[in-house]
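> Build me a structure from this.
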Amino acid sequence: MLHSISKFISETGFVLFPAHPGNIVMVSVGLILITLAIRKNYEPLLLIPIGFGMIMGNIPDGGASPLDPEGVMHFLYLGIKHEIYPALIFLGLGAMIDFSAMLSQPRLIFLGAAAQAGIFTTYWGALALGFTPQEAGAIGIIGGADGPTTIFITARLAEHLLPAVAVAAYAYMALVPVIQPGVVRALTTREERLIKMKAPREVSRAERILFPIVGFIVCTLVAPKATTLLGMLFFGNLLKESGVTDRLANTAKNAFIDSVTILLGICVGAGATAERFLRAESLKIFVLGLAAFTVATAVGVIAAKVMNRMSKDPINPIIGAAGVSAVPMAARVALTTAQKEDPTNFLIMHAMGPNVAGVVGSAVAAGVLLSMLG
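Below you'll find the model as predicted:
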């Protein structure tokens, strides 16, 4: 009896935790993410599952780490390792996205494309810090501000970096309201931030239906390696815009994407074990991730400034920051940044143009990187 009691005590977390200080650090990080989600409202749908997953995965001898081949989490994590969850997330995302803002002003596609400069700039930065080309490609995609795309390409190119890259991508997506306003103000004048854009034209139903079909074909001709992501995105959008599959579209953009988001988030967190996360390379990845977001935002704003000078119709440079594909967070940040200067300036529909273009752009960029490095 005494032996059984002694064995039980020796296997409790109170005894095991002191021998695993790294796990204590990761549990603390998980608690911080949950706190930021609840108190600051930073992407709670992502940070709460990721934070709680971190706590689960770092309980010593808890069996909730994907590294435990007999645990349930090991099998749930296969959805990340084999790129299942990112593709399913894109299906739901496509059913949620309204491309009308982009279709009404096609020139805004260039702002979504310009913001992808963060991906390739960070790629070269990662190479300079000693990462392999495949690792640099996985890190660079953080600049696309698209969590599912980041997981998709990292699982293909550098699976061992997945915990750090995925957490960095989602953490910086949550910090878009913190990072972007300062960059925008540094690169624009008050007169530019006060620019009001004319109302976008009405987009016909035929255009909305044709776009996911034509857009898919064109984009996959450019980047065939991104066919899975782009196919699910445009298929979800076709369900929405066709007008005859409302039940499927409503399921995809509500219960379906919510369920997959829960699994994705908790698996990303559980995969961030102390053994895989607490490495010197993780700090480099977080620094590069911040640089990626900053460069993407800056290039988008600069591109909008250039377009404004060349265009007959004024363009507020703030919307260039929305070219990163953090939908709809980046568009909301553009709106609030503009309204701090003029509360009557409603930029949200204009900002959604480059924002949704950025979703497509990051997927295409991922396909290019896979073609080059896969």
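
> contacts, neighbours, all on C-alpha from now
Will do.

> which residues does the residue lying closest to R201 once chain neighbours are set aside contact?
Excluding its sequence neighbours, the residue lying closest to R201 (Cα to Cα, 6 or more residues apart in numbering) is S104, at 5.4 Å. Listed by Cα atoms under 8 Å, 6 or more residues apart in numbering, the contact set of S104 reads P200, R201, E202, V203.

> Tell me which residues touch the last one, please.
When contacts are counted by Cα under 8 Å, 6+ apart, V203 is found next to S100, L103, S104.

> helix or strand for it, which one?
V203 is part of no helix or strand, with elements assigned from DSSP states H and E.

> For it, give its distance to S100.
Distance of V203 to S100, given as Cα to Cα, to the nearest Å: 6 Å.

> circling back: can you tell me which of the contacts of S104 is nearest G300?
Set against G300, the nearest of the contacts of S104 by Cα to Cα is P200 (20.0 Å).

> so what's the closest one up against?
By Cα under 8 Å, 6+ apart, the contact set of P200 is A101, S104, Q105, H350.

> SS state for it?
Following DSSP: H, G, I helix; E, B strand; the rest coil, we place P200 in the coil state.

> same thing with P343?
coil.

> give me the number of residues near it?
Neighbourhood size, P343 [other Cα atoms under 10 Å]: 12.

> which ones are touching A331?
Here A331 is in contact with I319, A322, I348, A351, M352, N355 (criterion: Cα under 8 Å, 6+ apart).

> okay, those residues in a markdown table with pLDDT, neighbour count and secondary structure next?
Listed next are the contacts of A331 as a markdown table, based on pLDDT from 0 to 100; neighbours: other Cα atoms under 10 Å; DSSP: H, G, I helix; E, B strand; the rest coil:
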| residue | pLDDT | neighbour count | secondary structure |
| --- | --- | --- | --- |
| I319 | 96 | 35 | helix |
| A322 | 94 | 37 | helix |
| I348 | 92 | 21 | helix |
| A351 | 95 | 29 | helix |
| M352 | 95 | 30 | helix |
| N355 | 95 | 35 | helix |
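
> out of those residues, which one sits closest to N250?
Taking the contacts of A331 together and measuring to N250 by Cα to Cα, the closest member is M352, at 20.8 Å.

> Quick one: residues contacting that closest one.
So M352 contacts A101, M102, A322, P328, A331 (Cα under 8 Å, 6+ apart).

> again, only this time at 7 Å
A101, A331 (Cα atoms under 7 Å, 6 or more residues apart in numbering).

> Please apply the same query to A249.
A95, G236, L239, K240.

> next one: T154
T154 touches A138, L162, counting by Cα under 7 Å, 6+ apart.
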